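Visitor: Sequence and predicted structure are below.
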Amino acid sequence: MCTPQPLSQPPLPAQRRSGVRPEALAPPPSRPAVAAARGGETYADEAHGGARGGGGPGALEQAVGELGADPAGSSEALQRTQSQRDARERRRAATLAHLRGRPRASAAGQLAALLPRALLKQRRQWTWMGAPQPLLDLLLVLGAGLIVGAIHSGGYDVRAAPQQALMAMTTLGVLVTIVALRPLSSTHARALLARECAGGARPGPQLAALCMAALPAVALLPAAFLAGYYYTALPEAPVGDWYAAALGVSWWASGLALLVGALAPARASLVAGVFVALMFGAFFNGTHPTLAAARGGGGGGGGGGGAPTALTAALACSYNRWAMEALALSEFRQWGAARARAALSAARGLGLCRLDVLLPDNGDGRLSAAEAAAAARLQAEWSPAFCDGARAAALGALAAGGAALRLLAWGALRVTHGLPYWSQS
């Protein structure tokens, strides 16, 4: 009985001319073939069903059995794999120890190194290989301004001016929050920040670089919104007053986005940011309930001014409470003497410019001596610029709120950047 031989392909003409043997060009034998050769079998025996073994198990099964039955070879392979793994862990630990042990650059030095990279990332977003994301954001905000302005284009009156300002600034605040969430809501950006902080970088300069690189968007987004809103709704206040309030809202909303991005998981950051922006824009806004009611003066009349309450503190944290006061006072200032009484009554009912405190109302329906004296004193002091101080204070509160939110985001990021939930998707 003849023994089958391993199959081989005839050498190619190029191999014959070069003098290279076909065996030299063949791929190295596989592990089962080597094991089979050690046991006296050949690959051809396995292919023919173990002809030499009389129909028994093939060489592959015997090689696997021999390999499993060789404890010395298995233990050597396991030891070699474990030693390689240990060597990798030692190199990684040595690298981290070297990075932690070397003197770190100051916060200013790290900011100087990180800021050009953040600006480069912002510039790369304006690539024209596809649709630039910042341009799309500006167009969407412009479209939102056109839609809200078309709704408000029917004209302004005394009661509608604060409500229309609230609707416009709530829309802008939500859109700015969504745009400003991107730098810290991406899982890739979070993983990169966590890895750099593990290597010795501080989270403060990282956040400061993101804030400084996002300043152009903070200024451009309210301009794009007003380009659609102001020239459609045609309010009576100057466009500079509207842009000052819109810029304060954009500054506040971008700070809120940084705080939410520093605290919330990546998948929940967008929903959390929109929720908080809507809560402070549509509910805690100083109209329902009014500022006068929050001070304890009742829903329609003034007379409050007692100790601060929880509602007063919540309204003080709202961006729309300050934006509404600044814009409503700007609108009321433009109205002539014919509507001055109506504007004064509306401002007092809402508690703007603290008129509910300056014009107390005991609620009995009769004019008391104290109420008459307060009305005479206010009439003597009244001028179109009487509430300019309150308007400036409202704009300052928006600026201070945005700065406070960024400080809170810095403190939160120092705690959360090393936690697994924050850097994972």
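Guide: Alright, I've got the coordinates.

Visitor: so how far is A209 from L215?
Guide: L215 is 11 Å from A209, where distance means Cβ to Cβ, to the nearest Å. Where you see a C-beta, it was placed from the backbone N, CA and C, and this is true even at glycine.

Visitor: Restricting to C-alpha, output the one helix or strand A370 maps to in PDB.
Guide: Per DSSP states H and E, A370 falls inside helix 369-381. Only the C-alpha atoms of helix 369-381 are listed here, as PDB (Å, rounded to 0.1, in the frame of the first residue of the first chain):
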ATOM      1  CA  ALA A 369     -51.500 109.200  53.500                       C
ATOM      2  CA  ALA A 370     -48.300 107.100  53.100                       C
ATOM      3  CA  GLU A 371     -49.300 106.000  49.600                       C
ATOM      4  CA  ALA A 372     -50.000 109.600  48.600                       C
ATOM      5  CA  ALA A 373     -46.700 110.800  50.000                       C
ATOM      6  CA  ALA A 374     -44.800 108.100  48.200                       C
ATOM      7  CA  ALA A 375     -46.600 108.900  44.900                       C
ATOM      8  CA  ALA A 376     -45.800 112.600  45.200                       C
ATOM      9  CA  ARG A 377     -42.200 111.900  46.000                       C
ATOM     10  CA  LEU A 378     -41.800 109.600  43.000                       C
ATOM     11  CA  GLN A 379     -43.500 112.100  40.700                       C
ATOM     12  CA  ALA A 380     -41.100 114.700  41.800                       C
ATOM     13  CA  GLU A 381     -38.100 112.500  41.100                       C
END
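
Visitor: buried stuff in it?
Guide: Buried positions in helix 369-381, judged by neighbour count with 16 or more other Cβ atoms under 10 Å: E371, A374.

Visitor: Just list what it packs against, helices and strands only.
Guide: Counting contacts by 3 or more Cβ pairs under 8 Å, 6 or more residues apart in numbering; DSSP states H and E, helix 369-381 is packed against helix 355-358.

Visitor: Give me the more crowded residue out of L215 and A209.
Guide: For L215 versus A209, the count of surrounding residues by other Cβ atoms under 10 Å is larger for A209: 22 against 12.

Visitor: does that one really touch L114, like I thought?
Guide: Yes: the pair A209 / L114 is scored as a contact, 4.0 Å apart, by Cβ atoms under 8 Å.

Visitor: count of neighbours near A403?
Guide: Close neighbours of A403, defined as other Cβ under 10 Å, add up to 13.

Visitor: what sits against L115?
Guide: A208, A209, M212, A213 (Cβ atoms under 8 Å, 6 or more residues apart in numbering).

Visitor: can you rerun that using 10 Å?
Guide: L115 sits next to P205, A208, A209, L210, M212, A213 when contact means Cβ atoms under 10 Å, 6 or more residues apart in numbering.

Visitor: How about Q122?
Guide: Q133, P134, P183, L210, A213, A214, L215, P216, A217.

Visitor: Could you double-check that the fourth one sits in contact with S185?
Guide: Pointing back at L210 there. No: under the criterion of Cβ atoms under 10 Å, L210 makes no contact with S185, lying 11.8 Å away.

Visitor: what sits in contact with each of these two?
Guide: In contact with both L210 and S185: G261, using Cβ under 10 Å, 6+ apart.

Visitor: What are the buried residues along stretch 115-133?
Guide: For stretch 115-133, by 16+ other Cβ under 10 Å, it's L115, A118, Q122.

Visitor: Torsion angles phi and psi at the first one?
Guide: As for L115, its main-chain torsions (degrees, to the nearest 10) stand at phi -60, psi -40.

Visitor: isn't there a helix covering G273?
Guide: Yes: counting by DSSP: H, G, I helix; E, B strand; the rest coil, G273 is part of a helix.

Visitor: how near is it to A214?
Guide: Per Cβ to Cβ, G273 is found 14 Å from A214.

Visitor: more neighbours, these two?
Guide: Set side by side, G273 and A214 show more neighbours around G273, with 24 against 19, by other Cβ under 10 Å.

Visitor: That one is in contact with G261, isn't it?
Guide: Yes: using Cβ under 10 Å, G273 is in contact with G261, at 7.6 Å.

Visitor: where do the contact lists of the two overlap?
Guide: Shared contacts of G273 and G261, counting by Cβ under 10 Å, 6+ apart, come down to A180, L181, S185.
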